[in-house]
Each structure stands twice: as structure tokens, then as C-alpha cells.
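**Student:** Next come a sequence and a model predicted from it.
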Amino acid sequence: MACDQDDLCNAAKQLEELYRELDQAKYDRPQAPRESRIGSTKQMGPKDPLPIWTLSDDLEFTTLLSEYVNDAARFIPLDQDYYQHGFGRNGRRMCHWIAYNAGPISQLDVADVMLDELKHQARELNHRLRRTRPPQPAEREEVWLTARTICLKIPGVNAEQLRKWAERGHVFRKRSPSGEWIYPVHACIERTQQITSKRQR
């Protein structure tokens, strides 16, 4: 049964950003201390070892994701770049391909299990990457509203903008129990503020 292509596209974009964060975590090393605490050797070095878990997690998740991507790629023509170089078990590359081809992929038998895998990996990576992020204040509960309601609450925003923001991965959207698209209010406000700030520079 075909899955919703917007759900598939948004899930792929979300996971692509988490893979980007995971790649960054692989190479972020803590600064070496100015003075050694190892005794008289005065040996300098990082306070913490290389985060090996980032490498093992990357291998685990990209191996699983590549199975679904390679299955889907048998039915969808690849452009020249992907045809020549493949996916290379690159999480960001695979997610980008899924998001770009969400329409035709959503019609394949593999679509439902691929969407489940994208969501599962996003949950797991988001949880594991928390250890690399600076402490955050207590999270506020997000409020989700329809495009019409958000347009009434945020001056200058219209439904077409919200749709484009969601398609480009700037904000997420989901379907309400009644089947309408709903958007996170605070994320939409922050996006509006970002655009306003850029225009004022």
C-alpha cells in the first residue's frame, strides 16, 4: 500500500539533518588542556577520547538504510551522479535521494517499511546525539495549528509560504486526526524572525 509522499519526504529531510549532525560529531574533538594533569610528563592531549560511538552508529544505521534504498533504486531511474558513484553508504546522500524521489518511492511496496526505518533512525539518532549538544533549557510543549490559524496569528505569513517551508525542510508538518495539515507555531514564528533578520541586514 502506498504511503504519503509528504510524510516520506519530511522524514528523509529530518534524518538527513541528523546525519549531518552525526558527521559533525565524528570530528568535533575537545580542546586539549593547556597544562597536563598526568604528572611530570607535561603531556598534552584531548580531555576525552574520539567518540567511537559515532562511527559505529553511522555504520549500523547506513547499512540498514542502504538495504531499502538499493531496493527502491531498482525501480527508479538514477541520475548520472548516483548512477556513476552510487550511494556509498552515505546517510545524507541516501536521505537526499529519498526526499527528492519521495513521489515515485511512495508508490513502491518498500515505501511503508522505509518510512518506518526513517522514523526509527531519527528517534534513535536524536536521542544519541543529545550527549554532543550543549545543555538546553526545559523544552516547551509545541503547539500545532492549521495553516489558516497560523496565518491569523503571525502577520505576513500565508498558507503558500507554510507549504514551501515544509517542503524545503525549514519546518515540519503533520496531519491532524481530521486529516488537515498542521504546523508547529513556535517553529513558524522562529522561521519568520529569521527571514525578517536577513532582510534587515
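**Tutor:** Here it is on my side, so go on.
**Student:** alpha carbons only for contacts and neighbour counts from here, please
**Tutor:** Fine.
**Student:** Which stretches in this protein count as helices?
**Tutor:** Using DSSP state H, the helices found in the chain span residues 5-27, 52-73, 80-85, 91-100, 102-105, 111-129, 147-153, 159-167, 185-200.
**Student:** Pick out the shakiest of those, pLDDT-wise.
**Tutor:** When those are compared by mean pLDDT, helix 80-85 comes last with a mean of 75.
**Student:** Using PDB, write out the CA atom coordinates for it.
**Tutor:** Output of helix 80-85 as PDB, limited to C-alpha atoms (Å, rounded to 0.1, in the frame of the first residue of the first chain):
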ATOM      1  CA  GLN A  80      24.100  10.500 -13.700                       C
ATOM      2  CA  ASP A  81      25.700  11.300 -10.400                       C
ATOM      3  CA  TYR A  82      24.000   8.500  -8.500                       C
ATOM      4  CA  TYR A  83      24.400   6.100 -11.400                       C
ATOM      5  CA  GLN A  84      28.200   6.600 -11.600                       C
ATOM      6  CA  HIS A  85      29.000   6.900  -7.900                       C
END
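**Student:** Packing partners of that helix?
**Tutor:** If you count contacts as 3 or more C-alpha pairs under 8 Å, 6 or more residues apart in numbering; DSSP states H and E, helix 80-85 packs onto no helix or strand.
**Student:** go again using 10 Å as the cut-off
**Tutor:** On a contact count with 3 or more C-alpha pairs under 10 Å, 6 or more residues apart in numbering; DSSP states H and E, helix 80-85 meets helix 91-100.
**Student:** quick one, which of the helices of the chain is nearest to Lys174?
**Tutor:** Closest of the helices of the chain to Lys174 is helix 5-27, at 7.5 Å (criterion: C-alpha to C-alpha).
**Student:** my guess is Val113 contacts Asp71, does it?
**Tutor:** No: with contact defined as C-alpha atoms under 10 Å, Val113 does not count as touching Asp71 (11.4 Å).
**Student:** circling back to that earlier point, looking at the helices of the chain, which is closest to Glu141?
**Tutor:** Closest of the helices of the chain to Glu141 is helix 185-200, at 9.7 Å (criterion: C-alpha to C-alpha).
**Student:** got the contact list for the closest one?
**Tutor:** For helix 185-200, the external contacting residues (C-alpha atoms under 10 Å, 6 or more residues apart in numbering) are 140-147, 149-151, 153-157, 162, 165-166, 170-172.
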